[in-house]
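Q: quick one, fold the following:
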Amino acid sequence: MKNIYKILSVFIVAGALLSSCENVETGFDKITDNFDPTGQAGLVFLNGNMLKEVENNSVGLVTIPIKLQVWGPLSSAAETVTITVNTAASTAIAGTHYTLPVTSVTIPANTGGATFNVVMNTANFDKGETVVLVMTLSNAKFMTNLYASTANLQLSKKPECPFDIKTFVGSYIADERGYGQYNVNFTADATNPNRIWQSNFWDYTSDLLAFDLDPVNGTVTVPEQTIVMGDGNGYQVVGSGTFDPCTGVMIVDFQGDVDGTHEVYTPGSVAKSSKGGK
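A: Residues are numbered from 1 along each chain as shown. Below is the predicted model:
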């Protein structure tokens, strides 16, 4: 029963640490104080079940640090841990999708973990392709028959999404650097198939602001235009940025009378505008 409890504890805590722990040693000695020093410690992947996704135009080598974590009493001697790829369970192909530079890693004495690298060869991925690399750990000193002692690392390249102006029409959240989030809306132009119009620009106007999207280069241009703001004055607005046809996200920097404004536009809406207008 005590051993089962220990195994469950390893799984629960390792899962909780996946996205929060940056240093495999920091603060971990304090956690291990709760364990029976004569008991057997476990060894798990700290971030082995992650998704590593690259842009769809990536063609280089990407290094992915994989962290190991000791859960329980630390070893007073250095320990060599073997890393094995489960080829039957993996869809990732060695030498094609990835390279594993090492098959073992040493955990120094009285240390809570170690790191090794997986190298992803993005040039050999099709756009939208995802493969899984399954790795297991083995070492006589540490328990490795634990759920988190197996890694299911997903390697992926983003899909190439065809441009569709409808992706950028509807309710959006404008997240303005230094100001906050507020609701806006984009509508399609009646005659220009690549133009949309934004309402509530700067959270301060009833005028609409034109955005031109370039389907080939993935860029946004806000042509120079003057709009009347909430104070009754006309403001010159011009800007440029990028858009993602897969997510609908637009990032735009503005100049003119609103120089320095940086907006990230994301589809959706905030329940209540965080600001009451400028």
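
Q: contacts for the strand or helix carrying V237?
A: Under the criterion of DSSP states H and E, V237 resides in strand 234-243. Applying CB atoms under 8 Å, 6 or more residues apart in numbering, the contact partners of strand 234-243 are 168, 201, 209, 213, 218-229, 249-258, 261. Every residue, glycine included, has its C-beta placed from N, CA and C.

Q: do a quick rundown of the helices in the stretch 101-250 of the chain.
A: Using DSSP state H, counting those that start in this stretch, the stretch 101-250 of the chain contains no helices.

Q: re the thing from before, drop anything exposed from the contacts of strand 234-243.
A: If you count burial by 16 or more other CB atoms under 10 Å, the buried members of those come out as 168, 201, 209, 213, 220-222, 227, 229, 249-250, 252-254, 258, 261.

Q: can you list the weak-confidence ranges in the chain?
A: 1-38, 272-276 (pLDDT under 70).

Q: phi and psi next, for the residue located most distally from the centre of it.
A: Distance from the C-alpha centroid of the chain, by CA atoms, centre = their mean, peaks at G232 (41.9 Å). Backbone torsions for G232, taken as degrees, to the nearest 10, come to phi 90, psi 0.

Q: what about it, distance to T205?
A: Going from G232 to T205 by CB to CB, to the nearest Å gives 10 Å.

Q: can you check S104 too?
A: 62 Å.

Q: tell me which of these two has more neighbours.
A: T205 (20 against 12; other CB atoms under 10 Å).

Q: wait, doesn't that one sit right on I227?
A: Yes: in this structure, T205 is within contact of I227 by CB atoms under 8 Å, at 5.4 Å.

Q: which two of the buried ones among the contacts of strand 234-243 lie the greatest distance from each other?
A: Greatest spatial distance among the buried ones among the contacts of strand 234-243 (CB to CB): M229 and V249, at 25.5 Å.

Q: what's the residue lying closest to W197 once chain neighbours are set aside in contact with, if anything?
A: With sequence-adjacent residues excluded and distances taken as CB to CB, 6 or more residues apart in numbering, W197 is closest to L208, at 4.1 Å. By CB under 8 Å, 6+ apart, the residues touching L208 are 187, 197-199, 201, 227.

Q: try T205
A: 227-230.

Q: what is it paired to in the beta sheet?
A: On the basis of DSSP bridges, T205 is bridged to M229.

Q: and the helix or strand harbouring K67, what does it pack onto?
A: Per DSSP H and E: K67 is located in strand 61-71. Judged by 3 or more CB pairs under 8 Å, 6 or more residues apart in numbering; DSSP states H and E, strand 61-71 is in contact with helix 2-17, helix 28-32, strand 42-45, strand 51-54, strand 104-107, strand 113-121, strand 150-157.

Q: ok, V222 touching V252?
A: Yes: V222 is in contact with V252 according to CB under 8 Å; the separation is 6.5 Å.

Q: give me the neighbour count for the residue nearest to V70 when sequence neighbours are not counted.
A: Nearest non-adjacent residue to V70, counting by CB to CB, 6+ apart: G112, 5.0 Å away. By other CB under 10 Å, 23 other residues sit near G112.

Q: repeat that for A210.
A: Neighbour tally, A210, other CB under 10 Å: 16.

Q: dump the residue contacts of it.
A: 189, 195-198, 222-223, 225.

Q: give me phi/psi at T96?
A: Main-chain dihedrals, T96, degrees, to the nearest 10: phi -110, psi -60.

Q: which residue comes closest to it once chain neighbours are left out?
A: Closest to T96 by CB to CB, 6+ apart is N124, at 5.0 Å.

Q: ok, now L100?
A: Nearest one to L100, counting by CB to CB, 6+ apart, is V118 at 6.0 Å.

Q: for the one you found, give the beta-bridge partners.
A: Residues in beta-bridge contact with V118 (DSSP bridges): I64.

Q: and it, how many neighbours?
A: The number of residues near V118, taken as other CB under 10 Å, comes to 25.

Q: quick one, what contacts it?
A: Per CB under 8 Å, 6+ apart, neighbours of V118: 63-64, 66, 98-100, 133, 153.
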